[in-house]
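Visitor: need coordinates for the below:
(one chain, ligands or ions: 1)
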Amino acid sequence: MAEALETVSRNRCFGGEQRVYRHRSAETGTDMRFAAFLPPQAGEGRRVPVVWFLAGLTCTEENFTVKAGAQRVAADLGLMLIAPDTSPRGESVPDDPQGAYDFGLGAGFYVDATQEPWSKHYRMESYVARELPALVESALPADMGRQGIMGHSMGGHGAITIALRNPGRFAAVSAFAPISSPVNCPWGEKALGGYLGPDRAKWREHDSCALIEGGARVPDLMVDQGTADNFLEAQLKPQLLEAACARAGIPLTLRRQEGYDHSYFFIASFVEDHLRWHAERLRRAPHP
Ligand SMILES: N[C@@H](CCC(=O)N[C@@H](CSC=O)C(=O)NCC(=O)O)C(=O)O
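Guide: Predicted coordinates for the structure are as follows:
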């Protein structure tokens with residue numbers, strides 16, 4: 001499968017390498033790009049733990065890679081970082097009819113669409129949770145027995161729901177300002193309604209709080225949320241996740257960070273804490 005990957009760029013970085021790859025995706029039916037940071041510990045027969053970063057609305061594989069400043073700590077901790085794109089792209093891929101930023105291109109919401117015209121290409125759950133991991137495992141020195149997942153905003157929703165929907169796969173899960181309950185906010189209602197149709201029961205299969213209420217579990221969870229985030233009250237609602245975790249007995253470390261907004265300056269400020277949280281749990285995870 002490695003030959004399916006085309007290298008877009010390779011840059012030496014903190015003793016490791018920041019790479020960007022392009023490949024043909026069977027799930028989305030498009031070319032997809034993803035970023036991979038390989039720490040210096042990787043290679044020559046040595047596989048390293050992997051941390052996935054799922055980005056938010058309007059992002060590509062580039063935002064986290066160039067703005068979060070995660071590579072220095074990942075190199076220190078020996079973590080591979082994989083950052084996928086947030087939607088299929090290309091001339092054949094439909095977009096929001098009004099060109100809005102919260103649906104369509106850059107807004108795949110990490111679900112497999114069931115509704116026309118989205119269902120042909122918008123298959124981001126299968127892409128991120130199945131196709132891309134298989135490709136990463138075959139082409140890169142990744143230890144798939146030790147995986148963590150984190151994300152921001154729409155990508156925080158993606159990270160938590162994909163972990164909840166794949167029990168046992170991720171030893172560590174964390175998020176920056178996640179959309180805690182898409183069935184209870186305008187971004188989520190628009191996206192899940194568009195991609196999955198009007199049956200709200202289908203939306204709940206991709207809602208962190210509803211999944212937890214239904215019995216899905218992660219070992220524990222870390223969330224950072226800025227108090228000056230302009231999306232906090234209308235879209236993110238961390239209190240819903242807090243209540244769901246409390247009811248389910250899931251240990252949640254929710255840190256309300258005074259004065260921080262929704263930007264990558266916020267992510268860059270706390271990404272080291274998240275990577276250390278992941279590294280500690282991945283160290284304890286069983287080797288394959
Ligand atoms: N452009 C929009 C706001 C879009 C935005 O803030 N996107 C965030 C993620 S929001 C939730 O998923 C983001 O990460 N943007 C990219 C970046 O590099 O900051 C608007 O105009 O309001």
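
Visitor: backbone dihedrals for residue 220, please?
Guide: Backbone geometry at residue 220, expressed as degrees, to the nearest 10, gives phi -160, psi 180.

Visitor: out of everything not next to it in sequence, what's closest to the closest residue to the ligand within the stretch 1-150 of the chain?
Guide: Nearest residue of the stretch 1-150 of the chain to the ligand (C-beta to the nearest ligand atom) works out as residue 56 at 2.6 Å. Where you see a C-beta, it was placed from the backbone N, CA and C, and this is true even at glycine. Using C-beta to C-beta, 6 or more residues apart in numbering and skipping the chain neighbours, the partner closest in space to residue 56 is residue 153 (3.4 Å).

Visitor: the one you found touches residue 264, doesn't it?
Guide: No. Between residue 153 and residue 264 there is no contact under C-beta atoms under 8 Å: 10.7 Å.

Visitor: just want to know which of those two has more residues nearby.
Guide: The residue with more neighbours, out of residue 153 and residue 264, is residue 153; 25 against 20, by other C-beta atoms under 10 Å.

Visitor: any idea how far that one is from residue 21?
Guide: Taking C-beta to C-beta, to the nearest Å as the measure, residue 153 falls 24 Å from residue 21.

Visitor: cool, residue 186 as well?
Guide: According to C-beta to C-beta, residue 186 stands 34 Å off from residue 21.

Visitor: the two: who's more crowded?
Guide: Taking neighbours as other C-beta under 10 Å, residue 186 and residue 21 compare with residue 21 leading, 22 against 11.

Visitor: please, which helix or strand holds that one?
Guide: Secondary structure assignment for residue 21, by DSSP states H and E: strand 16-24.

Visitor: neighbouring contacts of that strand?
Guide: With C-beta atoms under 8 Å, 6 or more residues apart in numbering as the test, strand 16-24 has contacts from 4-11, 30-42, 61-62, 65, 71, 74-75, 135.

Visitor: so which of the residues you listed are in helices?
Guide: Cross-referencing the contacts of strand 16-24 against helices under DSSP state H gives 62, 65, 71, 74-75, 135.
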